[in-house]
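all I have is the shape, not the residue letters:
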């Protein structure tokens, strides 16, 4: 006899899978009437909801593992909120693991998830990781795997990212439209794809607006508060003239802002500053830090929805993997608002 | 035949449990010589390290579940880092779950952990939770449970907290020593224990320094950025004279700071502001926000160490539960530094 599933109940009642899953889990968003008819249909079809038993039978649970570099970074914790929202609505639970940017820790996290028999894994790759055997192992076991933001292209699994080129372009274009002309870009020495794309966006904006590309304004290095401070000290030491800074991410931009204020430079009147990622502190500092928002909650929701499709699909990895690329958006705050209207 | 455990290997070699666990997991802190002798002894005693098999046999894994209200709050994410450090060093892995302050979500998290057969659970309770059956269930199954920061006293399980009374006292005493005399305290309407303790610390500091307690300076309400702003607007509307604010936590203090700056009040010259929790943005804002540091990483480490003792103990819940109370510390930044030396 074929096992009765949530899908059978959904078909019988002509409602969605997620409605049935939520009704069975007594979700507050589902009406009592719907819950009642779901329960009655479940009984009629002889559906048995026994999570532990079903997880032992199928070998998998109703749990999804999410592994990220660090939940201290509000970008990741905010994406996780988007994932949680959709995943919980669909009757699954999320367990989280932080790799702390370490390859060894990431491997251990994947192993822990597999031992806990998660139904699938959503991942953003650690900075340190250059070998991907632990990720191929998930694929090999035919367990759904999806990447967001930091992707291993060679594994050919579905992914959700944002358009970092467009983000770099938007940040630079905004500075140009505010009348800034000598725009510094701080970028990473490392060959991380997202930072290369942001640099490419910066260069394309300069070209489009017929501003010269001055190599002395492009600073390659690290990303951190301290590095941002150091960049400003170096620019003053080298007597480079500049009137704006676009930093690859917000902590670096914050260091830039602090050092400029320490030098009594007026922001945004004399120098404009914009970051990237729209970290939670950007709205709290004085002056407020302009930034590029990465649509973190929509990214999490899109990742979760694509992942749920994988989970219900028969040919998990046979089709060409779906790649969703989201648009970033410009957040203007006091640190770049030199003109009344942009 | 009795099953050979890590303890047997530790006894044979006269080293600690954690050394053996780490050696077997190839931890970088353990020397090659030690790893070799551990492996040889393990072989001699016929010890079999098979995580999945052993987890199925014993019913429990090498995984510890940690459930917190939100990893967006740097207090919690920082405590989690302290927990991770010790737990990982001892050969276990951490899985995280966010309750988002919801009772339903907290129940689901506990259920997910139990279904994943975690070896034990470390928890900080959601704001919404007033029934504790899901926590008693962990105890009933004789699975180790430990609370940190937000504790259910009635369950009599071990806990690690900080001395919130002392934190409130230190914040208020610092303001008094900086020459502030009319000190507002913003506290929560809700009957959350930690906030009551901070208020008690405020009152005791005023008494010790012979300052009058003025009820019009104690504001009861919510905790949020918006509430902090609103408090300042209300104080000005009611024409209450004050020269300092001690807010129950940093987001509220940040709202206070922003509204004062919007009113062109000079901080710290005219009004001093101190928060509580030392959130990561406190060091980044201008002026820097003074706060009370809650020793988050030591709290996490102490919680993990006490938890590991439970895990190895025979009579899990028979003894009087151990309660560790840590000391908070004062962090002075520009928002209260009116005098050259305190």
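Structure received. If you're wondering where the values come from, they're calculated on a predicted model, not measured in any experiment.

show me where the stretch 51-200 of chain A has helices.
In the stretch 51-200 of chain A, the helices defined using DSSP state H, counting those that start in this stretch lie at A:51-58, A:74-89, A:103-115, A:133-140, A:164-177, A:193-208.

closest to residue B:76 out of those helices?
Of all the helices of the stretch 51-200 of chain A, helix A:74-89 sits nearest to residue B:76, with 10.2 Å by CB to CB. Glycine gets a C-beta too; all of them are placed from N, C-alpha and C.

packing partners of that closest one?
strand A:63-68, strand A:93-98, helix A:296-312 (3 or more CB pairs under 8 Å, 6 or more residues apart in numbering or on different chains; DSSP states H and E).

repeat the analysis, applying 6 Å as the threshold.
helix A:296-312 (3 or more CB pairs under 6 Å, 6 or more residues apart in numbering or on different chains; DSSP states H and E).

anything in the helix it packs on near chain B?
No. Taking CB under 6 Å from any CB of the partner chain as the criterion, helix A:296-312 and chain B are apart, separated by no less than 11.2 Å.

I'd like the average pLDDT over that helix.
Mean pLDDT, computed over helix A:296-312, is 94.

neighbouring strands - and their directions - for the helix or strand following that helix?
Scanning forward in sequence from helix A:296-312 by DSSP states H and E, the next helix or strand is strand A:323-326. Here strand A:323-326 is paired, per DSSP bridges, with strand A:159-162 (parallel).

how far off centre is the partner strand?
7 Å (CA atoms, centre = their mean, to the nearest Å).

tell me which residues in that strand are buried?
Going by neighbour count (16 or more other CB atoms under 10 Å in any protein chain shown), the buried part of strand A:159-162 is A:159-162.

ok, and the closest non-adjacent residue to the residue in the stretch 201-342 of chain A positioned nearest to chain B?
At 4.0 Å from chain B, residue A:281 is the closest residue in the stretch 201-342 of chain A, using CB to the nearest CB. Excluding the flanking residues, the one nearest residue A:281 by CB to CB, 6 or more residues apart in numbering or on different chains is residue B:281, at 4.0 Å.

isn't the one you found up against residue A:284?
Yes. Here residue B:281 lies in contact with residue A:284, judged by CB atoms under 6 Å, at a distance of 5.2 Å.

overlap in contacts, these two.
Counting by CB atoms under 6 Å, 6 or more residues apart in numbering or on different chains, residue B:281 and residue A:284 have no common neighbour.

low-confidence regions, the stretch 201-342 of chain A specifically.
For the stretch 201-342 of chain A, the stretches with pLDDT under 70 are A:340-342.

quick check: residues of it near chain B?
A:254, A:281, A:284-286.

as CSV, those residues with neighbour count and secondary structure would be great.
Converted to CSV, these look like this (neighbours: other CB atoms under 10 Å in any protein chain shown; DSSP: H, G, I helix; E, B strand; the rest coil):
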residue, neighbour count, secondary structure
A:254, 27, helix
A:281, 20, helix
A:284, 22, coil
A:285, 23, coil
A:286, 16, coil
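
closest to residue B:146 among the residues you listed?
So of those, ranked by how close each gets to residue B:146 (CB to CB), first place is residue A:281, at 31.4 Å.

shouldn't residue A:118 be in contact with residue A:65?
Yes. Counting by CB under 6 Å, residue A:65 is a contact partner of residue A:118 at 4.1 Å.

if we can go back for a sec, can you list the helices of the stretch 51-200 of chain A in JSON lines and add distance to residue B:105 and mean neighbour count?
Below are the helices of the stretch 51-200 of chain A laid out as JSON lines (distance: least, CB to CB, whole Å; neighbours: other CB atoms under 10 Å in any protein chain shown):
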{"stretch": "helix A:51-58", "distance to residue B:105": "16", "mean neighbour count": "14"}
{"stretch": "helix A:74-89", "distance to residue B:105": "7", "mean neighbour count": "22"}
{"stretch": "helix A:103-115", "distance to residue B:105": "20", "mean neighbour count": "21"}
{"stretch": "helix A:133-140", "distance to residue B:105": "26", "mean neighbour count": "16"}
{"stretch": "helix A:164-177", "distance to residue B:105": "32", "mean neighbour count": "23"}
{"stretch": "helix A:193-208", "distance to residue B:105": "32", "mean neighbour count": "19"}
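
least confident of these, on average?
helix A:51-58 (a mean of 39).

residues contacting residue A:255?
A:225, A:228-229.

quick one: which of those residues is most hemmed in?
Compared across these, residue A:228 has the highest neighbour count, 30 neighbours, by other CB atoms under 10 Å in any protein chain shown.

what strand or helix carries that one?
Residue A:228 is part of helix A:225-237 when elements are defined by DSSP H and E.

now do that helix: which elements does it pack against?
Where contact means 3+ CB pairs under 6 Å, 6+ apart, helix A:225-237 is packed against helix A:250-262.

neighbours of the closest residue in space to residue A:321 that isn't next to it in sequence, how many?
Using CB to CB, 6+ apart and skipping the chain neighbours, the partner closest in space to residue A:321 is residue A:158 (4.6 Å). When neighbours are counted by other CB under 10 Å, residue A:158 registers 24.

next: residue A:69.
24.

how close does the nearest residue to it once chain neighbours are set aside sit to residue A:76?
The shortest distance from residue A:69 to any non-neighbouring residue, by CB to CB, 6+ apart, is to residue A:101 (4.9 Å). To residue A:76, residue A:101 is 11 Å away according to CB to CB, to the nearest Å.

do the same with residue A:16
When distance is defined by CB to CB, residue A:16 is 29 Å away from residue A:76.

ok, now residue A:22?
Distance, residue A:22 to residue A:76, by CB to CB: 26 Å.

for residue A:218, give the beta-bridge partners.
Beta-bridge partners recorded for residue A:218 (DSSP bridges): residue A:185.

so it touches residue A:184, yeah?
No. Residue A:218 lies out of contact with residue A:184 (CB under 6 Å); the separation is 7.7 Å.

more neighbours, the two?
In terms of neighbours (other CB under 10 Å), residue A:184 is the more surrounded of residue A:218 and residue A:184; the figures are 25 against 15.

wait, that one touches residue A:242, no?
Yes. If you go by CB under 6 Å, residue A:184 and residue A:242 touch, sitting 4.8 Å apart.

and residue A:220, its phi and psi?
phi -100, psi 130 (degrees, to the nearest 10).

got TSV for the helices of the stretch 51-200 of chain A, with distance to residue B:176 too?
Shown next, in TSV, are the helices of the stretch 51-200 of chain A (distance: least, CB to CB, whole Å):
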stretch	distance to residue B:176
helix A:51-58	56
helix A:74-89	35
helix A:103-115	46
helix A:133-140	56
helix A:164-177	46
helix A:193-208	49
